[in-house]
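> From the sequence below, what's the structure:
(2 chains)
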Amino acid sequence: MPKAILIDTTRCTACRGCQVGCKEWKNYPAVATKQRGTHQNPPDLGPYNVKLVRFSEHQDGDSVKWLFFPDACRHCLEVPCKSGAELEDSIIVDKETGAVIYTEKTAKENFETIKSSCPYDIPRLDPKTRRIVKCDMCIDRVKKNLLPMCVKSCAMGAMTFGERSDILKIAAERLVAVQKENPKAQLCDMENVNVIYLVAEAPSKYHKFAVADASDAMKGDPGMTRQQMLAGKFAPLRKLAGPAQG
Amino acid sequence: MTNHYTDIGNADAILIIGSNAAEHHPISFRWVLKAKEKGATVIHVDPKFSRTSARSSYHVPLRSGTDIAFMGGMCKYILDNKKYFAEYVNEYTNASFLVGEKYSFKDGLFSGFDPAKKKYDKSQWAFEKDEKGLVKRDKTFQHPRCVINVLKKHYERYNLDLVSQVTGVSKENLVKVYESFAATGRPDKAGTIMYALGWTQHTVGVQNIRLAGIVQLLLGNFGVAGGGINALRGEPNVQGSTDHALLYGYIPGYHNAPYANWKTLEEYQKGNTPKTADPMSVNWWGNRPKYIVSLLKGWFGENATKDNDFCYGLLPKLDVGMDCSHLFLFDRMYQGRIKGGFIFGHNPCQSFPNSNKVRKAFDKLDWLVVGEVFHNETTDNFRRPGADPRKCKTEVFLLPSAYRAEKEGTISNSGRWHMWHYKAIEPIGQCKSMGWMFVEIMKRVRALYAKEGGALPEAILKHDIPSEFNAEEMNRRINGYFTRDVEIGGKQYKKGQLVPGFPLLQADGSTSSLCWVYCGGYTEAEGNLSKRRDLTQTPMQAKIGLYPKFAWAWPMNRRVLYNRASVDKNGKPYNPAKAVIEWDGKAWQGDVPDGGQPPMAQKGGVYPFIMTTDGHGQLYGPGREDGPLPEHYEPAETPLAQNPFSPQMNNPCMKKVSGSEYDVLCKPADPRFPIVLTTYSMTEHWCSGSETRNGNGLLEAEPQQYIEMSPQLAAERGIKNGDVVEVESLRGKVQAVAMVTIRIKPFQVMGKTVHLVGMPFAFGWTKPKCGDATNRLTTSVGDPNTTIPEYKACMVNVRKATKVTEL
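Now for the predicted structure:
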C-alpha cells in the first residue's frame, strides 16, 4: 500500500518551513532571487527548488482572500511522466511507498517530453547534470522511518504523512469539516495522486496546475483533456474512494 | 502570557491585535488554528492583511496607532450593553472602589499634570480610604466616583462614530468585533487577547495593554482556560531575559533598580514594598524584602551579611529620573559621553530607531566589543556605506559566539515555561558561549582590580562569580540555596540544599536566589525540572491541555496566572467543562493555584488577584506614568492636524530624545509626509536579519527590502508593482521594491483618505544589494513607562526612485 501526504491548505500559513526545510535537506545551492513585488520566491519550481509555496491574492466582495499552495510532485498512482520516458529505469516507482523517483538516467531523456507529460507542471531540468529533477518524497528519510522533510517542518499541522488508506480517511473527514464554511472546498484529484491537496476555494485560484491540467500535453488531441483522460483511466480507483468524494 | 500557548486552544474567541501571530510567533498560531477548528472566532485587527489575517475568521484593518480608540470603543460597548460578567466584576475587580476626590480628567489630561516636567503627580489618582486604611467600596455601583462609573464616564466619548472616524474602521466592523468578543463575558465562555510588538511599540504602548487588561477584567476572562492577556514574546528569549532584568530599570525578578534616593537596604525595601490593611489581600509583593536579600546573597555570597546590608551599598545606583533605556543611551553615545561598551546578540545599527543617528553614535566610541555569530551592521559599522574606515577611531573586538545548537542552557517561552536545550554539536573554530565569555572576562577584570585597586574595587571583587561557566550550576544558583542550616515550619534544611520554592526564601540571609520567580524549578528531589518532557496529566488537566510535568513554569509551575479568578467564591469553576482549578472541600485540584488558601468565601479565604496590593483586578490602575485609564493620543507623528478626542495631541508624558539633528518630528498633518509608515518583522528573517540573511533558503525566499502599499496609493504616485521606490521621512531615506497589494487598503480618517505603507526592518547593507535599514526612517520617541520606541507609526513620503543605489 503506498504512502500519501495530505496537504491541508486551510491550515497553511505560508511560513515556508517546507520550502526551506526541503532545500536544506537536499543540500541544494542558493538561487539568486530578486524581490519582484510578491512574497513568492523563487518565482517558480526549479532544479534546486522542488518544493515551492505559491501565493495568490484575490478580492472577494468586501474581503481579501490570500491563498497559499505548497507545490510539489503529486506522486501519481498511474504515472503519466513515466509514460513519456523512453528508458525503463529513468523514472521508477518505489513499490513500498509509491514514491515516483527520477534516477540519474533521466539525463538521457527528452526533458520537454517528460515535462509536458506531467499534468501538474512539476519536472525541471538541472542544467549542470542534465538530470530531470523533482520531489522524491524524501525516499531516503521515509525508508528510515522519518517523515518527509516538508511534513516534518510543518509547524501548523497542515501536512500529514501516512498509509494512503489512512490519509484518505483523514482527508475525507477534513473535507467535511472544511465544507461547513467553505462549500467550494475539495480534495484535488484525490483518486489519482498520493499528494492530496485540500483547498477551500476553486483550485485554479491557488495555482494554474493545482488540479491536473493537460492543455500542453493534449495539444494534439483537442477533443480530450488530460484530466478527462485520467478520469477515465482511473475510474475504478474513484469508485474505491467513493465516500471521500468532494 | 498569563496563560500559555497550548491554552490558546481552549478559547471561544481570539482577538489578535498588535500582533501578526502566524508570521512572527508561528507556534502560537498552531493553537489558534486548533481553537478555530473547534469553533472559535479568530479576529485579526491590524493595519495590513497578513498571513495571520488569511487564516483568521476575518480581518479588520486599523490605522496604526489608534488601538486605544478601538479598544476604548469596545469598553464602552461592553459597559453600555451590560455585556460584562457582573459577579466577577463586582467581586474580583476594583469596580466598586472609590476613586479619591482629587482625580479628574479634562481636555485630555488627568489631574496632577506638571507641564514643565511633563510628569504627573500620581498621588492625585489615589483611592479613597477609610480610617482603617481600607479602600472605600460601593458594591451597588451607585457612587459617582466608584471605578465602574469613572470608567463609564471616561469612555463615554468613545462612541462608534468617533472611533470609526479616528481608526478608519467601519462602524459595521467595529460592532462585528465588539459583539464577537464581548460574547465571552459569560461564565462558560473564554476570550483571549494576543498581542506583541504591534502594541508595545507606540508612545501609548503600556496603555494599549492596560486597556486590554480592562476589557478582559470586564469580561471575566482572567484566570480561565482560553482567556487572559497573552504577550507573544520573541524567540531571542525575551521572556527569560525580561525575568532576569534585561531592562535597565529593574533587577532580576521584577524589582526596581536601586536609585540614589534609596541609600540603604532599609530605604530600598521601604520604598518598594507595598502594604495593605486588608487581611484578605495576599499582597504578594509584601514579600519583596525576602527576594531582594536572597538576590543579594546570590550575587555576593558569603560576603553579603546582615551587618553590611548584604552588600546593597555596592550596587550601582541610578540618579532619580535617569533614563538609561537605549534611546537615551545612544543619545549619550552620540554626544560622545560613552567611551566603549559590550554588545551581545544585538544589532542596534540595524534594529534601533533613527539608525542614521545610531550609526553615527558608534563612531564616537574608543572601543567596542561585540559577541556575534555573523558580521552585521553593528560589527562592521565603521565600513558602512559612506563611512571611511581610516577615519574611524573605534577599535572593534569581535568575539565569535557559539550558535544555539552549540551550547546548552535554558530558554523561557512566552508561557513562562522554563525549558532546557541540549548542545547538539561542538562550536566551530574558536566560538564560545556568552556565559563562558562573561566569566572569563570578569576573571581578568577582577585580577586587575585585585592588583591595581581603583575606584570602589570591592563592588567587583566581592561578587560571587563562578570560576567557570556551567549552565546547570547557573540554573541552580538562579533557583537558590540555603546558605546555612535552618528550620522553617518545623522542617530542617541544610546549608547547600536547594530551596524547594520561593515561599521559603528568607529576608535574613539564610537563602540565596538569583531570580525568585524561578525558585522551585530545580529541586533536590527531582533535579532540573526544565528538562522534564513527561506528558502525564489528570483527566481534569487533560480537558484543558494542561501538562504539569512538561518542563516547568514560573511561578511554582502555575500554568494559568490568577486562576483563583476562574472559580466562584466557594471554589466552584465558573466553567466546569474547562475548569482550571476546583476546591474539593479540602484542597485545590487541577493547576497549581495562586496560593493554597481556601476559596474567598471560606474562613481564611483570600482575593484572587494576589499580585495587586488590594487583591483585585485593576480596572482603574493608579500606577502608570501616563494616567490611571488609557486615553487615545495620536502617535508622535500623525496625519491629523488635531486629536479628535481632546486638545492634547500626543501622550503628554511621552519620552522624547532631542540631542541631535536627527531627533526631529514632522508637524501634525505635514503635507511633505502624508503617509503613515508601520514597520515589522518577517517570518523568513529573524529580528534584524543578521543571522538569517546568511541562510541561503531564507534569503532566497525573501531577498530584498520591500514596501507594501495599496493599489490606490501606487496609482496616485505612478508606481507599478516591482518598481524601486524611495521612502523618505524627516530623518532619512530608504529604497525599497514596491509590493503593490490589495492587502493594504487606504483608510478613511476624519473625512480624508489616509494611506498607510508597511516595511520590514530585516534588510541591511552587509548583505550586498538587499537594501538597508528601514529604521533610518523611524523616530526617537518612546512610551513614558518603558521608553519602548514608536516603531509602529511615523510619517513618510513615497516616490518612484530615479536612481537605484541600494538594491
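
> Span of stretch B:651-661 from start to end?
Using Cα to Cα, to the nearest Å, the span of stretch B:651-661 from its first residue to its last is 23 Å.

> before we move on, what about stretch B:374-383?
Per Cα to Cα, stretch B:374-383 runs 15 Å from first to last residue.

> Stretch B:513-527 now?
The stretch stretch B:513-527 measures 16 Å between its terminal residues, going by Cα to Cα.

> Please give the centre-to-centre distance between that stretch and its chain.
For stretch B:513-527, the distance between its averaged C-alpha position and the chain's averaged C-alpha position is 24 Å (Cα atoms, centre = their mean, to the nearest Å).

> low-confidence ranges in the stretch 451-600 of chain B?
Counting by pLDDT under 70, the stretch 451-600 of chain B contains no low-confidence range.

> Okay, helices next: where are they in it?
Counting by DSSP state H, counting those that start in this stretch, the stretch 451-600 of chain B forms helices over residues B:458-461, B:471-479, B:539-543, given from the N-terminal end onward.

> any residues touching the shortest one, and which ones?
Surrounding helix B:458-461, the residues in contact under the criterion Cβ atoms under 8 Å, 6 or more residues apart in numbering or on different chains are B:Leu314, B:Leu315, B:Pro316, B:Met442, B:Val445, B:Arg446, B:Tyr449, B:Ala450. In this view, the C-beta of every residue, glycine as well, is placed from N, C-alpha and C.

> Let's see the PyMOL selection covering just the buried ones among the residues you listed.
The PyMOL selection below is limited to those of the contacts of helix B:458-461 classed as buried (16 or more other Cβ atoms under 10 Å in any protein chain shown):
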select buried, chain B and resi 314+315+449
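
> Just the contacts of helix B:458-461: which are in helices?
Secondary structure assignment (DSSP state H) places B:Met442, B:Val445, B:Arg446, B:Tyr449, B:Ala450 from the contacts of helix B:458-461 within helices.

> Would you mind confirming that B:Arg532 makes contact with B:Tyr547?
No. The pair formed by B:Arg532 and B:Tyr547 falls short of the contact definition of Cβ atoms under 8 Å, at 9.3 Å.

> Next, give phi and psi for B:Thr753.
Recorded main-chain torsions at B:Thr753 are phi -80, psi 130, according to degrees, to the nearest 10.

> quick one, what contacts it?
With Cβ under 8 Å, 6+ apart, B:Thr753 has these contacts: B:Gln712, B:Pro746, B:Phe747.

> quick one, strands of chain A?
Ranges of strands within chain A are A:3-8, A:52-60, A:63-71, A:91-93, A:100-102, A:124-125, A:132-133, A:159-163, A:186-188, A:195-199, based on DSSP state E.

> helices and strands around the first one, which ones?
This means strand A:3-8. The elements that strand A:3-8 packs onto, with contact taken as 3 or more Cβ pairs under 8 Å, 6 or more residues apart in numbering or on different chains; DSSP states H and E, are strand A:159-163, helix A:164-179, strand A:195-199.

> Report the angle between it and strand A:195-199.
20 degrees (axes from the mean of the first three to the mean of the last three Cα atoms, to 10 degrees).

> Report the strands that pair with strand A:3-8, each with its relative direction.
Using DSSP bridges, the strands paired with strand A:3-8 in its sheet are strand A:159-163 (antiparallel), strand A:195-199 (parallel).

> between that strand and helix A:164-179, how big is the angle?
Computed with the same axes, to 10 degrees, the direction of strand A:3-8 lies at 10 degrees from that of helix A:164-179.

> ditto for the second one
Between strand A:52-60 and helix A:164-179, the angle comes out at 20 degrees (the same axes, to 10 degrees).

> before we move on, back to that, now neighbour count too, for the contacts of B:Thr753, in a markdown table please.
Below are the contacts of B:Thr753 laid out as a markdown table (neighbours: other Cβ atoms under 10 Å in any protein chain shown):
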| residue | neighbour count |
| --- | --- |
| B:Gln712 | 15 |
| B:Pro746 | 18 |
| B:Phe747 | 24 |
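
> which residue sits closest to the residue in the stretch 501-650 of chain B that chain A sits nearest to, ignoring its sequence neighbours?
Going by Cβ to the nearest Cβ, chain A is nearest to B:Gly545 of the stretch 501-650 of chain B, at 14.4 Å. When the adjacent residues along the chain are set aside, B:Gly545 lies closest to B:Thr6, with 4.5 Å between them (Cβ to Cβ, 6 or more residues apart in numbering or on different chains).

> Look up phi and psi at that neighbour.
Listed backbone geometry of B:Thr6 is phi -60, psi -30, with angles given as degrees, to the nearest 10.

> pLDDT wise, what is it at?
Among the per-residue scores, B:Thr6 holds a pLDDT of 97.

> Check the one 10 residues further on too.
The predicted structure scores B:Ile16 at 98 on the pLDDT scale.

> number of nearby residues for residue 134?
Just going to use chain A. The burial metric for A:Lys134, expressed as a neighbour count using other Cβ atoms under 10 Å in any protein chain shown, is 26.

> um, chain B though
For B:Leu134, using other Cβ under 10 Å, the count is 15.

> Next: A:Asp213.
Residue crowding around A:Asp213 was assessed by other Cβ under 10 Å; the count is 20.

> Check B:Asn208 too.
The local packing count at B:Asn208 equals 24, with neighbours defined by other Cβ under 10 Å.

> Give the full set of residues in contact with it.
Contacts for B:Asn208 were tallied using Cβ under 8 Å, 6+ apart; they are B:Gly18, B:Asp67, B:Ile68, B:Met71, B:Tyr195, B:Trp199, B:Thr200, B:His202, B:Pro630.

> Quick one: residues contacting the closest residue to the fifth one other than its chain neighbours.
Taking Cβ to Cβ, 6+ apart as the measure, B:Tyr195 lies nearest to B:Gly18, with 4.0 Å between them; neighbours along the chain are not counted. B:Gly18 makes contact with B:Asp46, B:Asp67, B:Tyr195, B:Ala196, B:Leu197, B:Gly198, B:Trp199, B:Thr200, B:Asn208 under the criterion Cβ under 8 Å, 6+ apart.

> Go again with 6 Å.
In this structure, B:Gly18 makes contact with B:Tyr195, B:Gly198, B:Trp199, judged by Cβ atoms under 6 Å, 6 or more residues apart in numbering or on different chains.

> hang on, the earlier thing: in CSV: the contacts of B:Asn208, plus secondary structure and distance to A:Phe209.
Written out in CSV, the entries for those read as follows (DSSP: H, G, I helix; E, B strand; the rest coil; distance: Cβ to Cβ, whole Å):
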residue, secondary structure, distance to A:Phe209
B:Gly18, coil, 38
B:Asp67, helix, 42
B:Ile68, helix, 47
B:Met71, helix, 45
B:Tyr195, strand, 40
B:Trp199, helix, 41
B:Thr200, helix, 43
B:His202, coil, 44
B:Pro630, coil, 51
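
> hmm, back to that, out of the strands of chain A, which gets nearest to B:Gln492?
strand A:159-163 (54.9 Å; Cβ to Cβ).

> so how far is B:Lys462 from the residue of chain B most remote from its centre?
For chain B, the C-alpha lying farthest from the average C-alpha position belongs to B:Lys451; by Cα atoms, centre = their mean, that distance is 42.3 Å. Taken as Cβ to Cβ, to the nearest Å, the spacing of B:Lys451 relative to B:Lys462 amounts to 16 Å.

> just A:Ile92 next, same as before
Distance, A:Ile92 to B:Lys462, by Cβ to Cβ: 73 Å.

> B:His25 too?
For B:His25, the distance to B:Lys462 - Cβ to Cβ - is 41 Å.

> Which one's more surrounded, those two?
A side-by-side neighbour count of B:His25 and B:Lys462, using other Cβ under 10 Å, places B:His25 first with 27 against 17.
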